[in-house]
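>>> Got a predicted structure here, sequence first:
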Amino acid sequence: MKKMTSVLSMAAVFAIGTQAATLEERVKALESQNSTLTEEVLATQTGGFTLVDTEKSYNGMGPAASKVYFSKNPLSIGGYGEMFYANPDNGDDYADVYRFITYFGYKFNDWIVLNTEIEFEHGANAEDGGEVVVEFLYLDFLLSKEANLRLGHVLVPMGLVNLRHEPTLFNTVQRPDIEKFLLPSTWHENGALVYGRFDATSIEYTAGVINALNINNEHTMKPDGTWIRNARLGASANAPFDPAFVGRMDYTGINGLTAGASVYYGGGSNLKNDPINDVSGLDTTIFDIHARYENGPFSAYGLYTQTTVDGAEKLSPEAAEQANGYYGNISYDLSGLVGIEYKMPVFAQYENYNPVEKSVDGLNEDKYQTEIVTMGLNFFPADQVVLKADYTMKEVNSIDTNIFAFGLGFIF
């Protein structure tokens, strides 16, 4: 009888222990299920709307642009916006409704996804430089973690800002100059990309073919600071297609760190519809080395990039041959020090670049040499909303300009 009692007691203890472990697992499962059901109910009530998770990114893109990949519903609607006020010390102050973006995504099934971005710039008033642009429109074929196919109008996978250009993802009121003029964000072209991730090596990659830049333009022939930016063809009607190669690789094996490099190579005279002015043997190479690191309240990001044109002398005796530059941004979140629950990073950014580092005749190479120091503060009243203030000290060819700016941005 005693033996029987002992056996039953041991069985009861074991059952209680097992039940406790099982209960803990059940609680976790129920919490996960409850989160999913909450999102599904919200989505049903709002016609398919999906909440933004600011911690989630797909293929290196911003959280709002990534929404469709994590949505429990076929339809995903999102976007972002930013506007700013600027007061330069050598001119009149002004304000700009800079960008309003809508993302529309749709899951045809569990492996075919449509994702689109439509941009309205400067209030979309064409008379004042506004425009409406399709910045990406592609189909993703999700084949495996290691290899997926993207077809359509795509973001070019270079630099830090071009893929992650939502205003909550960079500290300054304006995007860094280097990722505007040397890596011309937002840079988007027709093309086909293969991308994926290898967990064993913590390597993410993207590679493929996109439409080439057209540097056979007046901004390159008589070089100015916009010759790379003005080479984009984007989503323009009947843009001639000249294939160029683009590739990117990032290492993410260290907690908080993303470090990698990107490269672009293609013909520089994309003028198939204008054979008289087309130039053969004109090639453009762009590369960048980039990194981003976050550790608690501290974060830093930056890159170096260079563009080289082979055959520039065929365009003109003074044409641009090379551009290069680098920048770095460091920030520290003061919220813990001042005892508030809202993120409040202070930051400093340094840029040094020359869009005409080399020209064919060697003249005017210092004309566009630029150095910029920017210091400022961000305040996040919500994870999806940011208020920004910064002060920029810019020197171009020994001419100084100082600008105070205030901006707001949001994603949804």
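Good, I have the coordinates.

>>> which residues of the stretch 1-150 of the chain fall in strands?
75-88, 94-107, 112-121, 131-141, 148-155 (DSSP state E, counting those that start in this stretch).

>>> Would you mind giving those strands as TSV with mean neighbour count added?
No exception for glycine: its C-beta is placed from N, CA and C like everyone else's. Below are these laid out as TSV (neighbours: other C-beta atoms under 10 Å):
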stretch	mean neighbour count
strand 75-88	20
strand 94-107	18
strand 112-121	19
strand 131-141	17
strand 148-155	20
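
>>> between those, which one is nearest to Gly225?
strand 75-88 (17.3 Å; C-beta to C-beta).

>>> give the contact list for the closest residue to Phe141 other than its chain neighbours.
Once flanking residues are discounted, Phe141 sits nearest to Leu149: 4.3 Å by C-beta to C-beta, 6 or more residues apart in numbering. The neighbours of Leu149, taking C-beta atoms under 8 Å, 6 or more residues apart in numbering as the test, are 140-141, 143, 192-194.

>>> let's see it at 10 Å
Counting by C-beta atoms under 10 Å, 6 or more residues apart in numbering, Leu149 touches 138-143, 192-196, 208.

>>> Tell me what it is bridged to.
Beta bridges link Leu149 to Phe141, Val194 when assigned by DSSP bridges.

>>> Likewise for Tyr106?
Under DSSP bridges, the beta-bridge partners of Tyr106 are Leu75, Leu114.

>>> what's near enough to touch it?
Tyr106 is in contact with 48, 68, 71, 73-77, 112-116, counting by C-beta under 10 Å, 6+ apart.

>>> now with 7 Å?
Tyr106 is in contact with 74-75, 114, counting by C-beta atoms under 7 Å, 6 or more residues apart in numbering.

>>> how about the strand or helix carrying Glu351: buried residues?
Using DSSP states H and E, Glu351 maps to strand 345-359. Across strand 345-359, burial judged by 16 or more other C-beta atoms under 10 Å covers 345, 347, 349, 351-359.

>>> Make a markdown table out of the contacts of Leu149 and add pLDDT and distance to Glu294.
Conversion of these to a markdown table gives the following (pLDDT from 0 to 100; distance: C-beta to C-beta, whole Å):
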| residue | pLDDT | distance to Glu294 |
| --- | --- | --- |
| Tyr138 | 98 | 28 |
| Leu139 | 98 | 32 |
| Asp140 | 98 | 27 |
| Phe141 | 98 | 31 |
| Leu142 | 98 | 27 |
| Leu143 | 98 | 30 |
| Ala192 | 98 | 32 |
| Leu193 | 98 | 26 |
| Val194 | 98 | 28 |
| Tyr195 | 98 | 23 |
| Gly196 | 98 | 24 |
| Gly208 | 98 | 29 |
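
>>> Turn those residues into CSV, columns for distance to Phe170.
Shown next, in CSV, are the contacts of Leu149 (distance: C-beta to C-beta, whole Å):
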residue, distance to Phe170
Tyr138, 23
Leu139, 28
Asp140, 25
Phe141, 30
Leu142, 28
Leu143, 32
Ala192, 28
Leu193, 23
Val194, 28
Tyr195, 23
Gly196, 26
Gly208, 25
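
>>> all helices for the stretch 101-250 of the chain, in order.
Using DSSP state H, counting those that start in this stretch, the helices of the stretch 101-250 of the chain run over residues 178-181, 218-221.

>>> and Lys394, which of these is closest to it?
Nearest of these to Lys394, taken as C-beta to C-beta: helix 178-181 at 12.6 Å.

>>> how about the helices in the stretch 251-400 of the chain?
335-338.

>>> which residues touch the residue positioned nearest the centre of the chain?
Nearest to the geometric centre of the chain sits Arg164, at 1.8 Å (C-alpha atoms, centre = their mean). Going by C-beta under 7 Å, 6+ apart, Arg164 touches 60-62.

>>> Walk me through the domains of the protein.
Annotated domains of the chain cover 1-45, 46-411 [automatic domain parsing].

>>> any idea which of those is most buried?
Highest mean neighbour count among the domains of the chain (mean count of other C-beta atoms under 10 Å): domain 46-411, with a mean of 18.

>>> just how off-centre is it within its chain?
Relative to its parent chain, domain 46-411 has a centroid offset of 5 Å by C-alpha atoms, centre = their mean, to the nearest Å.

>>> okay, Asn273: pLDDT?
Listed pLDDT for Asn273 reads 79.

>>> which residues does it contact?
By C-beta under 7 Å, 6+ apart, Asn273 lies in contact with Pro240.

>>> How about the one 10 residues further on?
Taking C-beta under 7 Å, 6+ apart, we find Asp283 in contact with 267-268, 310-311.

>>> pLDDT and distance to Gly253 added to those residues, as CSV?
Listed next are the contacts of Asp283 as CSV, based on pLDDT from 0 to 100; distance: C-beta to C-beta, whole Å:
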residue, pLDDT, distance to Gly253
Gly267, 95, 36
Gly268, 95, 36
Asp310, 97, 35
Gly311, 97, 40
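
>>> Looking at those residues, which one is closest to Met221?
Among these, Gly268 lies closest to Met221 (C-beta to C-beta), at 11.9 Å.
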